[in-house]
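Student: only the shape, not the letters, is given here:
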């Protein structure tokens, strides 16, 4: 298994090239802040807008076999207590023979912002590291900053459309039994078997497993459907080879397909 991980890592590195200069970044992706609107409780809905050049794509929060996971830091913001990202449903694509998960053309990424002081304006500042890919994959570092107009109350259509494009919740999708079995494997990791009772919503079904712990690395799950039951198997390792406790409540299973998607939070013992 360690050799498999090394092979995947080296394959990812082989298609990475450094980006140099703001102009080079703009040729691939342009990022801006969409002001959005203020909610009745004083929170603010805004968005990051990514416009990708033709033939380029960027990644979802779990990027797949060889993608670059995006990172966002909000420390330069003013009057911001918390920022939550609402991810629209991504698409599965192939990059150099490996399956990746992300977006093409234009991505509007909604943000739910909680101010430190309700009634006072928020200045949103985001330092981000993202990956953009075409025939090559390029790590890009960007910073965008903008004061937000708290006087706006009407929802922005492009942000509203992105919010509507999120995966279904368990209740919305009619998910039944969800259960996970965990067993130790050689190398200090664990083998996870997840079973979800849910009707198929499209072809090319894929279960993405996330742990909520950034120190853990999850292999791409192998997914098999049997009637209304979807079964997925994956292996989980600590990035530094350490032992770890797996928090079942922190597990997140996302079922992607050519049709709809489902977001499942937590996976009890089965």
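Tutor: Structure's in. What do you need? Here the structure is a predicted model, which means the values were calculated and not measured.
Student: tell me which helix or strand residue 159 sits in.
Tutor: Element membership for residue 159, per DSSP states H and E: helix 157-164.
Student: give me the contact list for that helix.
Tutor: The set of residues that contact helix 157-164 without belonging to it, under C-beta atoms under 8 Å, 6 or more residues apart in numbering, is 34, 36, 45-47, 49, 86, 88, 108-110. Heads up, the C-betas are built off the backbone N, CA and C, glycines and all.
Student: at 10 Å instead, please
Tutor: 34-37, 45-47, 49, 86-89, 106-112, 154-156 (C-beta atoms under 10 Å, 6 or more residues apart in numbering).
Student: quick one: low-confidence parts of the protein?
Tutor: Scanning the chain for pLDDT under 70 picks out the ranges 1-26, 95-96.
Student: which residue is nearest the middle of it?
Tutor: If you average the C-alpha coordinates of the chain and look for the closest C-alpha using C-alpha atoms, centre = their mean, you land on residue 61, 1.9 Å from that point.
Student: what sits closest to that one if chain neighbours are left out?
Tutor: residue 87 (5.8 Å; C-beta to C-beta, 6 or more residues apart in numbering).
Student: mind checking the SS state of the residue nearest to the centre of the chain?
Tutor: Under the three-state scheme (DSSP: H, G, I helix; E, B strand; the rest coil), residue 61 adopts strand.
Student: might one say that it is in contact with residue 85?
Tutor: Yes: with contacts defined as C-beta atoms under 10 Å, residue 61 counts as touching residue 85 at a distance of 7.5 Å.
Student: which residues are common contacts for the two?
Tutor: In terms of C-beta under 10 Å, 6+ apart, residue 61 and residue 85 are both contacted by the residues 70, 72.
Student: returning to what we had before: what residues are up against the residue nearest to residue 61?
Tutor: Residues 60-62, 70, 103, 107, 109-110, 162, 165-167, 254, 263 are the ones in contact with residue 87 under the rule C-beta under 10 Å, 6+ apart.
Student: which one of those residues is nearest to residue 238?
Tutor: Of all these, residue 238 sits closest to residue 62, with 17.3 Å by C-beta to C-beta.
Student: if I look at that closest one, how far off is residue 117?
Tutor: Here the criterion is C-beta to C-beta, to the nearest Å. By it, residue 62 lies 34 Å from residue 117.
Student: okay, these two: which has more neighbours?
Tutor: Regarding residue 62 and residue 117, a neighbour count based on other C-beta atoms under 10 Å identifies residue 62 as having more, with 19 against 10.
Student: who's in contact with the nearest residue to the more buried one once chain neighbours are set aside?
Tutor: Leaving aside its sequence neighbours, residue 62 sits nearest to residue 208 (C-beta to C-beta, 6+ apart; 5.0 Å). Contacts for residue 208 were tallied using C-beta under 10 Å, 6+ apart; they are 60-64, 90, 92, 101, 218, 220-221, 223, 232, 234, 252-256, 261, 263.
Student: a strand runs through residue 208, doesn't it?
Tutor: Yes: assignment of residue 208 by three-state DSSP places it within a strand.
Student: residue 253 bridge partners, please.
Tutor: Listed by DSSP bridges, the beta-bridge partners for residue 253 are residue 209, residue 264.
Student: how about the contacts made by it?
Tutor: Going by C-beta under 10 Å, 6+ apart, residue 253 touches 170, 175, 178, 180, 192, 194, 196, 207-210, 221, 230, 232, 234, 262-267.
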